[in-house]
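sequence unknown, structure follows:
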């Protein structure tokens, strides 16, 4: 793969496009050994970060007054008791206020923590109450994120048109979570293939704080289905590393719902015997719901404008069903020809994920054990004791319910030889990550910036520093 093709594919992935397993594998292999393309990715991330924090043009924005009105209404009347749906328990109340940051030159707050704090507490809504608005859904989802301490779910997955010889594939998806940063996702393939030469799409991703592992088949060229299996084990992972994120949208779809852009509320329904809220959004926006498509193995391609119908439990906001329907567009027809797919009807799902079991019970001991191996990679995020942080570290003055979690010293990717100290504070699925360095000289934020980031002001310390928060 040449640099021009790799950079085009990298741009598509940054924009939310789903790359085929074969193309994604080729891009990652090229990126690992090409300094030019690595620099391209870093420059693109810095450009996106700068654009995100630049003041936007003046346009009507009704989000703030709507959410303020919702908050006033919520505080003006007592919240009715939410019905209990076994085996899901009532979620814990999130912190009421956004943490106030200590001395720093500038900061960026990103991720689920922003929405969770801004709502001012959990939203209790009687199941079946009408009408419901998209702002209600957003409020419920972000409130649920901070209270989720443990999770266990099992999903059935049906994929259509994987191959001309395999019209349907049937798989099971198992998910476990324990706050903070312990996550496991297993994919078991139950498909009957034409011969034993075909490699089942069995995958296992385990994240256990400072370590993670991935087992499964590697990407193969198109038309080849006997793929070698590989194991990756990584040590000294940075806290809440974006390189190996915990796939939280399978539990509470904050990354999918936050912001509300390009999401349409279809109404209320019942799914798997439970009251549910039904939403519609494009596949490009819904990619956080499908982490199993990105971690490995072979999957059919999906068009960015394909229609995703998402059903959320109306009491807990856990995903109960999500389906992908082909977009009825001429561009999609041409895309089908390019990928050798049959004519796919827009009213028949090409991927269906149904919850079979959802509970908030604590996973059993050993669930997040990382396999032993003699070939582990090292991400070189060296742990730092929380009571041994550098003097004057620009952490939050008040934690407002967040617990101090992990600290590490890592390298700043944008500048060779520069180091940063990273400290994290967490509760449930919400977190704040503060990164500080003394070696940054550019007039811009350093590090990657999440798409939900916002700029915040902080007092300047007596000793010049640069800090960022995610």
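Yes, it's here. Just so it is clear, the structure is predicted and the values come from calculations on it, not from any experiment.

elements contacting the helix or strand hosting residue 144?
Element membership for residue 144, per DSSP states H and E: helix 134-147. Applying 3 or more Cβ pairs under 8 Å, 6 or more residues apart in numbering; DSSP states H and E, we find helix 134-147 packed against helix 63-76, helix 112-118, helix 254-257, strand 274-282. (Glycine included, C-beta is placed from N, CA and C.)

what are the buried residues along it?
Buried residues in helix 134-147, counted by 16 or more other Cβ atoms under 10 Å: 135-147.

dump those residues into JSON lines; add pLDDT and distance to residue 239 as well.
Shown next, in JSON lines, are the buried residues of helix 134-147 (pLDDT from 0 to 100; distance: Cβ to Cβ, whole Å):
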{"residue": "135", "pLDDT": "85", "distance to residue 239": "32"}
{"residue": "136", "pLDDT": "85", "distance to residue 239": "33"}
{"residue": "137", "pLDDT": "88", "distance to residue 239": "30"}
{"residue": "138", "pLDDT": "85", "distance to residue 239": "27"}
{"residue": "139", "pLDDT": "84", "distance to residue 239": "28"}
{"residue": "140", "pLDDT": "87", "distance to residue 239": "28"}
{"residue": "141", "pLDDT": "88", "distance to residue 239": "24"}
{"residue": "142", "pLDDT": "82", "distance to residue 239": "22"}
{"residue": "143", "pLDDT": "84", "distance to residue 239": "24"}
{"residue": "144", "pLDDT": "87", "distance to residue 239": "23"}
{"residue": "145", "pLDDT": "84", "distance to residue 239": "18"}
{"residue": "146", "pLDDT": "81", "distance to residue 239": "17"}
{"residue": "147", "pLDDT": "85", "distance to residue 239": "21"}
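
of all these, which comes closest to residue 229?
residue 145 (34.3 Å; Cβ to Cβ).

the closest one touches residue 254, doesn't it?
Yes. At 5.0 Å, residue 145 counts as touching residue 254 under the criterion of Cβ atoms under 8 Å.

wait, what's in contact with residue 247?
Neighbouring residues of residue 247 by Cβ atoms under 8 Å, 6 or more residues apart in numbering: 175, 183, 185, 205, 288, 291.

top of these by number of neighbours, please.
Of all the contacts of residue 247, residue 183 has the most neighbours under the rule other Cβ atoms under 10 Å, reaching 28 neighbours.

state the distance from it to residue 235.
Using Cβ to Cβ, to the nearest Å, one gets 17 Å for the distance from residue 183 to residue 235.

what's the answer for residue 284, then?
Distance from residue 284 to residue 235, by Cβ to Cβ: 34 Å.

report the strands that pair with the next helix or strand after the helix holding residue 144, each with its relative direction.
Downstream of helix 134-147, the next assigned helix or strand under DSSP H and E is strand 150-163. Its sheet considered, strand 150-163 pairs with strand 166-178 (antiparallel), strand 351-359 (antiparallel) by DSSP bridges.

nearest to residue 218, out of the ones you listed?
Taking Cβ to Cβ, strand 166-178 is the member of the strands paired with strand 150-163 nearest to residue 218, at 17.9 Å.

buried set for the closest one?
166, 169, 171, 173, 174, 175, 176, 177, 178.

what's the answer for stretch 311-330, then?
Of the residues in stretch 311-330, 311-327 count as buried by neighbour count, 16+ other Cβ under 10 Å.

quick one, grab the pLDDT at the closest residue in space to residue 325 that isn't next to it in sequence.
Excluding the flanking residues, the one nearest residue 325 by Cβ to Cβ, 6 or more residues apart in numbering is residue 307, at 4.4 Å. Listed pLDDT for residue 307 reads 97.

over to the one 3 residues further on?
According to the model's per-residue confidence, residue 310 sits at a pLDDT of 96.

that one falls within a strand, correct?
Yes. Counting by DSSP: H, G, I helix; E, B strand; the rest coil, residue 310 is part of a strand.

burial of it, as a residue count?
23.

roughly how far apart are it and residue 185?
Here residue 310 is placed at a distance of 18 Å from residue 185 (Cβ to Cβ).

likewise for residue 146?
Distance from residue 146 to residue 185, counting by Cβ to Cβ: 21 Å.

residue 209 too?
Per Cβ to Cβ, residue 209 is found 16 Å from residue 185.

ditto for residue 270
Residue 270 is 27 Å from residue 185, by Cβ to Cβ.

quick check: which element contains residue 265?
Per DSSP H and E: residue 265 is located in strand 264-271.

also residue 440?
Applying DSSP H and E, one finds residue 440 in no helix or strand.

any low-confidence regions in the stretch 151-300 of the chain?
Residue ranges of the stretch 151-300 of the chain with pLDDT under 70: 222, 245, 259-260.

hmm, back to that, which of the contacts of residue 247 sit farthest apart?
The most widely separated members of the contacts of residue 247, counting by Cβ to Cβ, are 205 and 288 (14.6 Å).

pick the one among the buried residues of helix 134-147 closest to residue 432.
Residue 432 lies nearest to residue 146 out of the buried residues of helix 134-147, by Cβ to Cβ, at 11.5 Å.

from residue 248, how far out is the closest one?
According to Cβ to Cβ, residue 146 and residue 248 sit 12 Å apart.

swap in residue 164?
Residue 164 sits 36 Å away from residue 248, going by Cβ to Cβ.

and residue 338, what element?
helix 330-339.

report all helices and strands that that helix contacts.
Counting by 3+ Cβ pairs under 8 Å, 6+ apart, helix 330-339 packs on no helix or strand.

tell me the angle it makes with strand 150-163.
Here helix 330-339 runs at an angle of 70 degrees relative to strand 150-163 (axes from the mean of the first three to the mean of the last three Cα atoms, to 10 degrees).

any chance you could list what contacts helix 330-339?
Outside of helix 330-339, the residues within contact range by Cβ under 8 Å, 6+ apart are 301, 303, 305, 306, 326, 342, 343, 344.

the helices in the stretch 201-350 of the chain, which residues?
In the stretch 201-350 of the chain, the helices defined using DSSP state H, counting those that start in this stretch lie at 254-257, 283-286, 292-295, 330-339.

single out the most deeply packed of these.
Most buried of the helices of the stretch 201-350 of the chain, by mean neighbour count (mean count of other Cβ atoms under 10 Å): helix 254-257, with a mean of 24.

what are the contacting residues of that one?
With Cβ under 8 Å, 6+ apart, helix 254-257 has contacts from 112, 115, 137-138, 141-142, 145, 248-249, 263, 279, 281, 285-286, 288-289, 310, 429, 452.

so the residue lying closest to residue 357 once chain neighbours are set aside versus residue 174, what's the distance?
With sequence-adjacent residues excluded and distances taken as Cβ to Cβ, 6+ apart, residue 357 is closest to residue 154, at 4.4 Å. As judged by Cβ to Cβ, residue 154 and residue 174 stand 5 Å apart.

also residue 262?
Applying Cβ to Cβ, one obtains 30 Å for the distance of residue 262 from residue 174.

go on, residue 8?
35 Å.

got it, and residue 24?
23 Å.

what sits against residue 370?
Taking Cβ under 8 Å, 6+ apart, one finds 206, 208, 211, 212, 213, 233 in contact with residue 370.

out of those, which sit inside strands?
When these are checked against strands (DSSP state E), the matches are 206, 208, 211, 212, 213, 233.
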